[in-house]
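Undergrad: got a sequence here, can you build the structure:
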Amino acid sequence: MPTTKFDAATLRSTVPVLIVEDDPDFGASLRMMLEAEGFDAALAANEVDAIELVKSHRAEIALVDVRLGNASGTQLIATLEKAKPGLLSISMTAYASVESVTAALERGAYAFLRKPFHHDELLSTLDNCLEHVRLERAKCEAENALRASETRYRILVEGSALGIAIQRDGRLEFVNDTLTRMYGYSATGALIGQPVEVLQLSEVTPETRSQQITRLDRTTATIEYTSDAITWDSQSARVISVMDITKRVEAEQSRRELEVQLHQVQRLEALGTLAGGIAHDFNNVLAAILGYSELTLAELPPGSASRHKIEQIVAAGLRAKELVQQILAFGQRRGRVHDAIHVAPIIREVIALVQATLPSTIQVTEDLSTTNDGVRADPTELHQVLVNLCTNAGHAMREGGGQLEIKLDRVTADESLIRRNPELRPGTYVRVTVRDTGTGMGPDVASRAFDPFFTTKRVGTGSGMGLAVVHGIVAHSNGAIAMDSKDGEGTTISVYLPAVDCVVLGPVADEKPAPVGVETILLVDDESMLTELGQMSLERLGYSVVSFEDSRRALEAFEATPDVFDLLMTDQTMPRLTGLELTKRVRLVRPDLPVVLCTGFSGAITEEEAKAEGVSAFLRKPYDVHELSSTVRRVLDQQPEPE
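TA: Just a heads-up that it's a prediction; the model follows:
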């Protein structure tokens, strides 16, 4: 920092003085005088020594005799000034004249002393030099400090992540590199001198605002900015601070999307849990419907008018059974068995179903000319895919009518097709195309059509799950789905499923009679209707049956006479004791007793887990008489389970 008060005594030791004098006695005397006053003095007797010492001694003041033998002290002053810029020279002479003083001053002398000079006169002249040195040092320190400050400022401003601009009279007087790059310019200073409107700011105020801007390359960015009044070059101006928050906004958007997805996953998990509970109760109801219907069919003579009606009840019950299995597959994310099937018969079945629900203003056409339509899929899932697609198509044409076209063909996935549908792999596919002439969709809606819970239908008319489920089923079948839709021009959806060779089976021969037996079975189910049905079915097959609706009472009866029973047939989900717990208690008494475990919902235990606990067979509700009879007979005979 600059010295604020002149302290000659302190400065004398820090400002070296060079004496250039060819008179050795006078020179030595002068040196001793200066050192006695605290100066750091050096003595040179000639020009050569003087030049050398002014460099090595770092002298800042020089006392130079005007006459140095044959040399000129006046000329030496100029030489020393070149060797040490800023050197303060004091000319000394005993032969002073106006001309000699003028010549010395012109050569760069700071002061003039006339020999012989008094001690105080010398000190006064030197102190004046010291004051000059002090001021020069202070000036140098200030300039260095200013340069350092400017350097720090430039590093701070140019290296800042904040874009900074100074605006005066509607134009940009200063723009840092960060702001220049933020707007897509590469050249430093490209925005300087431009109107402030080039920054596209909606309003320049002290409040923090955010908005979108368009860069030089036409891409967009989101910025946050503020502005404050300042003085710039003694005039009023405004400093504008701009922050690029594009990544932050994108991160916040991603976080919101993840939160929505998490919420959707939680909803799906809740639906899965609900599906399991519904499936358990519904399977019990279906078991009763199918079981009593089969018992009734067994009592009706062939050709009976009622027989056909009961057979339709059974057919509807079997379709409901498949739907429940599909609900369970959705809820538990478990795989389904995909068999080689023909697609055309399922399409015809769906068309017959959908036509009954569509208004007469919608015409349905089909093109199922190909016969090589084998795929590996679950028929119930494929049925659902086609129903969903046709239902959506019908909804799009419900008000204005139109044409619903379903086409079946076989295609080879070449480079062109794969480029349009990246989910496809090289190979042959069976393609089902559903096209409507309805309202169509714009790009924004079409891009989200397969998102879970996304729907454009009114509240209460759609869940937004239809196409999401379709996409999941097709993907699980190693297929792909493509959509082409334009607003006001209708929609075409193509489903691609890998083609397989599929043989059409002939009529199935009549099933063998249900196996019968005479053993005693302990039957346990907390549903009284199913307990009664099970007992009736087993007794018709010749077995003796002891049934209970309370698993604890069943255990007590078994423990009282364990050797009476040849088989335990129990439901899994029951109050007090579950089927598996009952199995473990029974096995403590009779380790060899065969056990058949029945369940309407296998979410609590899988077939593998049940068998690991010693269960002999696993029956899923609803089951028919043939499944029941063959399973019971196989377990009693200790035969291996069929593949």
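Undergrad: SS state for the most centrally placed residue in the chain?
TA: Nearest residue to the geometric centre of the chain (C-alpha atoms, centre = their mean): Ser254, 5.6 Å. Under DSSP: H, G, I helix; E, B strand; the rest coil, Ser254 falls in the helix class.
Undergrad: show the contacting residues for the nearest residue to Ile230 once chain neighbours are set aside.
TA: Excluding the flanking residues, the one nearest Ile230 by C-beta to C-beta, 6 or more residues apart in numbering is Val239, at 5.0 Å. C-beta: built from backbone N, CA, C; applies to glycine. Residues in contact with Val239 (C-beta atoms under 8 Å, 6 or more residues apart in numbering) are Ile164, Ala165, Ile166, Gln167, Ser227, Asp228, Ile230.
Undergrad: please redo it, this time with the cut-off set to 7 Å
TA: By C-beta atoms under 7 Å, 6 or more residues apart in numbering, the contact list for Val239 reads Ile164, Ile166, Ser227, Asp228, Ile230.
Undergrad: just the ones of those in strands?
TA: Among the contacts of Val239, the residues falling in strands (DSSP state E) are Ile164, Ile166, Ser227, Asp228, Ile230.
Undergrad: let's see if you can find the most crowded of those residues.
TA: Counting neighbours by other C-beta atoms under 10 Å, Ser227 comes out on top of these with 21 neighbours.
Undergrad: OK, contacts around that residue?
TA: Val204, Thr205, Pro206, Arg238, Val239, Ile240.
Undergrad: who wins for neighbours among these?
TA: Ile240 (21 neighbours).
Undergrad: thinking again about what came up before, reformat the ones in strands among the contacts of Val239 as CSV; add distance to Lys321 and pLDDT.
TA: Converted to CSV, the ones in strands among the contacts of Val239 look like this (distance: C-beta to C-beta, whole Å; pLDDT from 0 to 100):
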residue, distance to Lys321, pLDDT
Ile164, 72, 88
Ile166, 78, 89
Ser227, 71, 90
Asp228, 74, 90
Ile230, 79, 88
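Undergrad: which among these gets closest to Arg348?
TA: Among the ones in strands among the contacts of Val239, Ser227 lies closest to Arg348 (C-beta to C-beta), at 71.0 Å.
Undergrad: beta partners of the closest one?
TA: Applying DSSP bridges to Ser227 yields these beta-bridge partners: Ile240.
Undergrad: give me the element Gly317 is part of.
TA: Assigned by DSSP states H and E, Gly317 belongs to helix 305-332.
Undergrad: which of the residues in the helix or strand just after that helix are buried?
TA: Using DSSP H and E, the next helix or strand after helix 305-332 towards the C-terminus is strand 339-342. By 16 or more other C-beta atoms under 10 Å, the buried positions in strand 339-342 come out as Ile341, His342.
Undergrad: partner strands of strand 339-342, parallel or antiparallel?
TA: Counting by DSSP bridges, the strands paired with strand 339-342 are strand 374-377 (antiparallel).
Undergrad: what does the next helix or strand after the strand it pairs with rub up against?
TA: Past strand 374-377, further along toward the C-terminus, the next helix or strand under DSSP H and E is helix 379-396. By C-beta under 7 Å, 6+ apart, the residues outside helix 379-396 that reach it are 322-323, 326, 336, 341, 343, 346-347, 349-350, 353-354, 358, 362, 404, 432, 434, 436, 438-439, 466-467, 469-470, 473-474, 491, 493, 495.
Undergrad: show the buried residues in the residues you listed.
TA: 323, 326, 336, 341, 343, 346-347, 350, 354, 358, 362, 404, 432, 434, 436, 438-439, 466-467, 469-470, 473-474, 491, 493, 495.
Undergrad: which of the contacts of Ser227 sit farthest apart?
TA: Greatest spacing in the contacts of Ser227, by C-beta to C-beta: Thr205 and Val239 (12.9 Å).
Undergrad: tell me the buried residues in stretch 163-179?
TA: By neighbour count, with 16+ other C-beta under 10 Å as the criterion, the buried positions of stretch 163-179 are 163-168, 172-179.
Undergrad: Ser149: neighbour count?
TA: Neighbours of Ser149 using other C-beta under 10 Å come to 10.
Undergrad: of the contacts of Ser227, which is the nearest to Pro622?
TA: Out of the contacts of Ser227, the member with the shortest distance to Pro622 (by C-beta to C-beta) is Thr205, at 72.1 Å.
Undergrad: need the contact list for that closest one.
TA: Taking C-beta under 7 Å, 6+ apart, one finds Ser227 in contact with Thr205.
Undergrad: could you do Arg633 as well?
TA: Taking C-beta under 7 Å, 6+ apart, we find Arg633 in contact with Pro515, Gly517.
Undergrad: mind running it again at 8 Å?
TA: Here Arg633 is in contact with Pro515, Val516, Gly517 (C-beta under 8 Å, 6+ apart).
Undergrad: that one falls within a helix, correct?
TA: Yes. Arg633 sits within a helix when classified using three-state DSSP.
Undergrad: counting contacts, what elements does the helix or strand containing Val64 pack onto?
TA: Applying DSSP H and E as the criterion places Val64 in strand 61-65. Judged by 3 or more C-beta pairs under 8 Å, 6 or more residues apart in numbering; DSSP states H and E, strand 61-65 is in contact with strand 17-20, helix 47-56, helix 73-83, strand 88-93, helix 119-158.
Undergrad: packed most tightly, which of the ones you listed would that be?
TA: Among the helices and strands packed on strand 61-65, the stretch with the highest mean neighbour count (mean count of other C-beta atoms under 10 Å) is strand 17-20, at a mean of 26.
Undergrad: cheers, nothing more for now.
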